[in-house]
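Chemist: take this sequence and fold it.
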Amino acid sequence: METITLDKKQKSFRKLGFTYLETAEIVVALKQLFANYHIHYHKLRNFHWNVESHDFFELHQEFENEYNKVQERIDIIAERIRVFGLKPAITIEETIEMSEIQQVKSNRMEATDMVHEVLKDFDILHDKMLDVLNASLEAGDNVTEQIITEFMRDLEKRNWMFTSWSKF
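Modeler: Got it, this is the predicted structure:
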């Protein structure tokens with residue numbers, strides 16, 4: 001019987017059957033989504049703290065619901081990047097530079113402007129999710145595809161709800 005010895009130095013990098021090169025585009029797209037979610041999260045926290053209107057209680061709670069959901073999403077994305085053997089470590093400066101979502105000064109914004117800002121962020125987040133989805137489909141990464149599809153399903157519903165609210 002022949003014995004086979006494996007040299008660990010010759011073993012290619014693999015995570016869940018994917019090579020580093022196969023996941024590179026997915027990870028780049030995930031990091032961009034990660035950065036955009038971070039800025040969006042901070043905006044939502046500021047909106048939560050600074051909203052003033054006759055709809056204060058409703059919007060205060062909805063902004064809190066959103067930032068809690070976004071915080072979960074950030075963690076899921078970070079853990080997905082780790083699954084591929086990389087670290088989601090980016091500085092605040094890199095996050096701001098990488099994000100298409102822009103910071104705003106919420107202490108001078110009307111409640112309706114805050115909601116419109118959330119809706120603009122949703123458009124950007126949706127585009128970034130499509131980038132991740134396309135990269136995962138191209139690589140055959142069903143898990144990332146399912147994660148992002150669920151994010152998109154929820155985002156579309158929240159977009160509809162905030163859009164409906166803003167019509168008043």
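
Chemist: can you give me the strands for the protein?
Modeler: 14-15, 18-19 (DSSP state E).

Chemist: which one of those has the lowest average pLDDT?
Modeler: Ranked by mean pLDDT, the strands of the chain end with strand 14-15 at the bottom, a mean of 52.

Chemist: what about Thr23, distance to Lys31?
Modeler: From Thr23 across to Lys31, the span is 12 Å (C-beta to C-beta, to the nearest Å). In short, each C-beta sits where N, CA and C put it, glycine included.

Chemist: neighbour-wise, which of those two wins?
Modeler: More neighbours surround Thr23 than the other of Thr23 and Lys31, with 26 against 22 (other C-beta atoms under 10 Å).

Chemist: how close does the closest residue to that one other than its chain neighbours get to Arg158?
Modeler: Nearest non-adjacent residue to Thr23, counting by C-beta to C-beta, 6 or more residues apart in numbering: Phe84, 4.5 Å away. Distance of Phe84 to Arg158, given as C-beta to C-beta: 28 Å.

Chemist: do Ala111 as well
Modeler: 17 Å.

Chemist: and for Leu44?
Modeler: 11 Å.

Chemist: shared neighbours, those two?
Modeler: Counting by C-beta atoms under 8 Å, 6 or more residues apart in numbering, the residues touching both Leu44 and Arg158 are Glu66.

Chemist: the two: which is more packed in?
Modeler: Leu44 (25 against 17).

Chemist: least confident secondary structure element in the protein?
Modeler: strand 14-15 (a mean of 52; mean pLDDT, DSSP states H and E).

Chemist: roughly how far apart are Met161 and Glu66?
Modeler: Distance from Met161 to Glu66, by C-beta to C-beta: 10 Å.

Chemist: out of these two, which sits in the busier spot?
Modeler: A direct count of neighbours by other C-beta under 10 Å for Met161 and Glu66 places Glu66 higher, at 22 against 11.

Chemist: surely that one meets Leu44?
Modeler: Yes. Judged on C-beta atoms under 8 Å, Glu66 makes contact with Leu44 at a distance of 5.0 Å.

Chemist: now do the shared contacts for these two.
Modeler: With C-beta under 8 Å, 6+ apart, Glu66 and Leu44 have common neighbours Val118.
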